[in-house]
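Participant: Quick one, fold the following:
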Amino acid sequence: MKLIISCVFSLFTLTSLFSQEISGSWQGILEIQGTNLEIVFHIEKQANNFVSTMDSPTQGAFGIATTKTSFDNDKLQIIVSNLGIFYQATLKSDSLFGTFNQNGLPFPLTLVRTEKKTQLRPQEPKEPYPYKVEEVVFTNLKEKIDLSATLTLPKEKEKSPAVVLIAGSGPNDRDETVFGHKPFWVLADYLTRNGIAVLRFDKRGTGESGGEYFTATTQDFADDAEAALNYLKKRREIDTSNLGLIGHSEGGIIAPIIAARNNDVKFIVLMAGLGVSGAELSLAQNQFAFNKTSISEREKEDLDKILRSIYESVTNWSEYVGSNEERDTLKKELGVLWENLPQEIQPQVKKDVFVEKTTSNIASPWFRSFLKTDPLVYLEKVSIPVLAINGENDTQVEYQTNLNKIEAALKKANNKHYTVKSYPQLNHLFQESTTGELDEYGKIEQTISPDVLSDITNWILEQVK
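Facilitator: Here you go, the predicted model:
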């Protein structure tokens, strides 16, 4: 049973003041089909909320942020929605007795307190910092959402060029924490040490930010990032003639969206950005998964046709959440999809659970909107300097197709100030990697390749001379 399949989430929720102490690390063994999987939850209290991360050491996965955590009257609930995980337990005598549910399949799981194991992350910044660090809050005035952020400012400059960091898909925190790594913290530290101010923020509904994550779309996240840009314009320490955006993955779509409509943006950096539509990216990711199975090319083509039909159908729904008839049609199509899944995948989840879970995911506002999003529409309007970089070992955003299309769009925009570069052996996080697959991220000590940090910094300094 594959437990870890995608990126990490963060969370917050209210908790009772009268419960036993839940903060700390909790470890247990999950028995699945004769396999023992170690599961660890790390729970921390922040003000009146709790945040937590999950480890699956057996699979080399660490620091997986959860979607929601609650603890009230000794009852704990933890949700990791993108993995279909729901853990609920009761705290008794300093042990948690509960059930670990994934994709509708329940397994008993008892957790006991344990010491948090230190992971080697040599690039993670350590105090004292040679720059100013300020915790700030800015507001998306369009929706009146307060977003919490960290601003790092060079000490020696009266006015500094500045960038906003825009995270990829999923409810990421300001550090874009994934598998125990904090890529945006490492990047912000490096840039600020070299004279560039950086604003990084928790996505709406994540960490300490307000708003609701699960009803938001890529366009909503673009509004939030633009609010961050507007905040920088009000700071006296910032050189407002030299403001830029750095977007990773989905953030690499958002940066061109903002740049195409906001003349205050002077340059953008696209890290593993997209040159294809959301639908094409999703199809490519599914094909990558199918290529690792034993099915024939004809069977892969059949699966691709089914998925294309499903994606086209849901993007044209007549209602925001789809009518009952439209959702019933989707469920029938997903039933056909399940029946055509490779034998290696099909036994991992029951048909009815697969249909219900996938219907919920595909019908979500974000996914339906993402399928229709075409980054070329915005890139073809961008004439400011652009740095587009991808790793050649990226298994989430294939480098060659996307970089080629990004470059073609910039040429169509008559952009004379762009740089496109790929890096051998670097994965989606720009780590030096072997396979480039997700289950390798947490095993790698490096957070971001030093070459990438240096290239981004030097390129920005060239633009702000």
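
Participant: Output the lowest mean pLDDT helix or strand found in this structure.
Facilitator: Counting by mean pLDDT, DSSP states H and E, the chain has its least confident helix or strand at strand 61-65, which shows a mean of 80.

Participant: After that one, which helix or strand is next? Please name it.
Facilitator: strand 68-72 (DSSP states H and E).

Participant: Which elements pack onto that next one?
Facilitator: strand 49-56, strand 75-80 (3 or more CB pairs under 8 Å, 6 or more residues apart in numbering; DSSP states H and E). Yep, even glycine has a C-beta here, placed from its N, CA and C like the rest.

Participant: now those strands as TSV including distance to Glu31, mean neighbour count and mean pLDDT?
Facilitator: What follows is the helices and strands packed on strand 68-72, written out as TSV (distance: least, CB to CB, whole Å; neighbours: other CB atoms under 10 Å; pLDDT from 0 to 100):
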stretch	distance to Glu31	mean neighbour count	mean pLDDT
strand 49-56	14	22	88
strand 75-80	19	21	93
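
Participant: Out of those, which gets nearest to Pro125?
Facilitator: Among the helices and strands packed on strand 68-72, the nearest to Pro125 by CB to CB is strand 49-56 (18.8 Å).

Participant: Go through stretch 27-39 and flag the buried ones.
Facilitator: 27-28, 30, 37, 39 (16 or more other CB atoms under 10 Å).

Participant: Just the terminal-to-terminal distance for it.
Facilitator: 6 Å (CA to CA, to the nearest Å).

Participant: Now do it: distance to the chain's middle.
Facilitator: 26 Å (CA atoms, centre = their mean, to the nearest Å).

Participant: export the helices and strands packed on strand 68-72 to a markdown table and tack on distance to Tyr129?
Facilitator: Output for the helices and strands packed on strand 68-72, formatted as a markdown table (distance: least, CB to CB, whole Å):
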| stretch | distance to Tyr129 |
| --- | --- |
| strand 49-56 | 23 |
| strand 75-80 | 32 |
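
Participant: Would you mind saying which of those strands lies nearest Phe288?
Facilitator: For the helices and strands packed on strand 68-72, the distance to Phe288 is smallest for strand 49-56, at 21.6 Å, taking CB to CB.

Participant: Now stretch 282-289: average pLDDT?
Facilitator: Throughout stretch 282-289, pLDDT has a mean value of 93.

Participant: err, stretch 245-255, not the other one
Facilitator: On average, stretch 245-255 scores 98.

Participant: Show me how far that stretch is from its chain's centre.
Facilitator: 11 Å.

Participant: And the contacts of it?
Facilitator: Contact with stretch 245-255 is made by 163-169, 176, 183-184, 187, 218, 221-222, 225, 229, 258-259, 265, 267-274, 370, 373, 375, 378, 388, 396-397, 428, 456, as judged by CB atoms under 8 Å, 6 or more residues apart in numbering.

Participant: what about it, start to end distance?
Facilitator: Rule used - CA to CA; the end-to-end distance of stretch 245-255 is 6 Å.

Participant: Show me what counts as buried in that stretch.
Facilitator: For stretch 245-255, by 16+ other CB under 10 Å, it's 245-255.

Participant: can you give me the helices in the stretch 351-465 of the chain?
Facilitator: Secondary structure of the stretch 351-465 of the chain (DSSP state H, counting those that start in this stretch): helices located at 351-362, 365-372, 375-379, 399-412, 438-441, 450-463.

Participant: okay if I get the ones you listed as JSON lines plus mean pLDDT and mean neighbour count?
Facilitator: Below are the helices of the stretch 351-465 of the chain laid out as JSON lines (pLDDT from 0 to 100; neighbours: other CB atoms under 10 Å):
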{"stretch": "helix 351-362", "mean pLDDT": "88", "mean neighbour count": "16"}
{"stretch": "helix 365-372", "mean pLDDT": "93", "mean neighbour count": "18"}
{"stretch": "helix 375-379", "mean pLDDT": "98", "mean neighbour count": "22"}
{"stretch": "helix 399-412", "mean pLDDT": "98", "mean neighbour count": "18"}
{"stretch": "helix 438-441", "mean pLDDT": "85", "mean neighbour count": "20"}
{"stretch": "helix 450-463", "mean pLDDT": "98", "mean neighbour count": "16"}
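
Participant: Rebuild these as a markdown table, extending it with distance to Glu44.
Facilitator: Listed next are the helices of the stretch 351-465 of the chain as a markdown table, based on distance: least, CB to CB, whole Å:
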| stretch | distance to Glu44 |
| --- | --- |
| helix 351-362 | 28 |
| helix 365-372 | 27 |
| helix 375-379 | 36 |
| helix 399-412 | 36 |
| helix 438-441 | 22 |
| helix 450-463 | 28 |
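
Participant: Please name whichever of those helices is nearest to Asp202.
Facilitator: Closest of those to Asp202 is helix 365-372, at 16.8 Å (criterion: CB to CB).

Participant: so what does that closest one touch, helix or strand wise?
Facilitator: helix 218-233, helix 278-291, helix 297-315.

Participant: got any ranges where the stretch 301-450 of the chain has weak pLDDT?
Facilitator: 320 (pLDDT under 70).

Participant: can you rerun that using 90?
Facilitator: Along the stretch 301-450 of the chain, the parts satisfying pLDDT under 90 run over 315-324, 341-354, 356-358, 360-361, 363-365, 438-443.

Participant: Name the strands paired with the least confident helix or strand of the chain and say parallel or antiparallel.
Facilitator: With DSSP bridges as the test, strand 61-65 is paired with strand 49-56 (antiparallel).

Participant: got the angle between the partner strand and strand 68-72?
Facilitator: 120 degrees (axes from the mean of the first three to the mean of the last three CA atoms, to 10 degrees).

Participant: Quick one: end-to-end length of stretch 91-109, please.
Facilitator: 12 Å.

Participant: Identify each buried residue in that stretch, please.
Facilitator: So stretch 91-109, judged by 16+ other CB under 10 Å, has buried residues 91, 96, 98, 100-103, 107, 109.

Participant: which residues touch it?
Facilitator: With CB under 8 Å, 6+ apart, stretch 91-109 has contacts from 1, 3, 19-20, 22, 26, 28-32, 39, 71, 74-76, 83-90, 110-113, 349-350, 352-354, 356-357.

Participant: So which of the residues you listed sit within helices?
Facilitator: Counted as lying in helices by DSSP state H, out of those, are 352-354, 356-357.
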